[in-house]
Each structure stands twice: as C-alpha cells, then as structure tokens.
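Asker: generate a structure from the sequence data that follows.
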Amino acid sequence: ICLPVIRKELSRTEKAAFTSKDFYTGKRILLVEDEPAISKVQETILTQAPCRHHVDVAVRVKDARDLLAANAYDLVSLDYILDENDNGMDIYTHIRKTDEQTPIIFISGNIEFIETLTPLIRKDPLLAHLSKPCMNTEYLETVNRMLERAQSK
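Answerer: Reported below is the predicted structural model:
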C-alpha cells in the first residue's frame, strides 16, 4: 500500500506555481472538519500565502450551523463523517435550503457516501468532492476552481 505524504504547508515551488496563476485570495471560508490534524493543515494552507483566505473552523455540525447563521461564506469545505448523529450532508442540506450560490467541497474517503454523491454533483454545479487523503495542491486547485464557478454564476 502506498499513501501520499501530506505536508503541513505548501512548498516554495507550490507557492510559486499558485502565485503565477490567477488565484482567488482573501475569501471567507468555513472549514468543517473534526480531525484536528487535517483541519490544521487545511487551515494553514488556506490562510497563508498565496491564498490568505479568512477561515473559520467548525468541529461539529452545531458549530457549523452557528457560524453559518452569523456569517456569510464564499466557500464551505466539509468532511462527511462528523458527529455520532450528524454528518456533512446535514450541513449541505441546511445550506442549500436558502443558498444555492455558495460552493461546497466535500472531502471524504467514505466509499458509500462517494457513490451517493455522484448524482448530486451532476445536479449541483457548485458541489465538488475530493477523496481523503488528497494532496494540498489538489485541494487548493479545487477551492480555486469552485470559487471561479461561483463567480461566473
């Protein structure tokens, strides 16, 4: 079995590559992830150069709902498996009841969930999925692509 090594931040080469592209910066992002090691890496790469986004982190579904009630977000990044009783799909459904314009990225390695998500992605152009573990550059490229999609809507 080969697993990719996930660094805690972007390398100088990766930062330079993103800096040379048209890249969104300074956006407001809600990150919903219950694994501290993963959320810390995602928060770090989103808040540091070249992105410099403003990131709020929620560990539980209730925390995410409270943050969504208090703030407007340009993008939401969701883990699928969160609380014992709730999951990222609960947050997705909560958001889409009133907001069809905010891009949402699910990050999950749950096979059953991925299979059920495919038809939903076909219907919702502002929904994307990445499988865990994903490379930092893949994550940032997806964030940027989804921000671009929202901008063009």
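Asker: now do residue 123, the pLDDT please.
Answerer: Per-residue confidence at residue 123 stands at 95 (pLDDT).
Asker: and what of residue 109?
Answerer: For residue 109, the predicted pLDDT is 80.
Asker: and it, what does it touch?
Answerer: Contacts for residue 109 (CB atoms under 8 Å, 6 or more residues apart in numbering) come out as 131-133. The C-beta positions use only the backbone N, C-alpha and C, and glycine is treated the same way.
Asker: doesn't it belong to a strand?
Answerer: No - looking at residue 109 with DSSP: H, G, I helix; E, B strand; the rest coil, it is coil, so not inside a strand.
Asker: how near is it to residue 65?
Answerer: 24 Å (CB to CB, to the nearest Å).
Asker: picking up where we left off before, just the buried members of the contacts of residue 109?
Answerer: Among those, none is classed as buried by neighbour count (16 or more other CB atoms under 10 Å).
Asker: with that, I have no additional questions.
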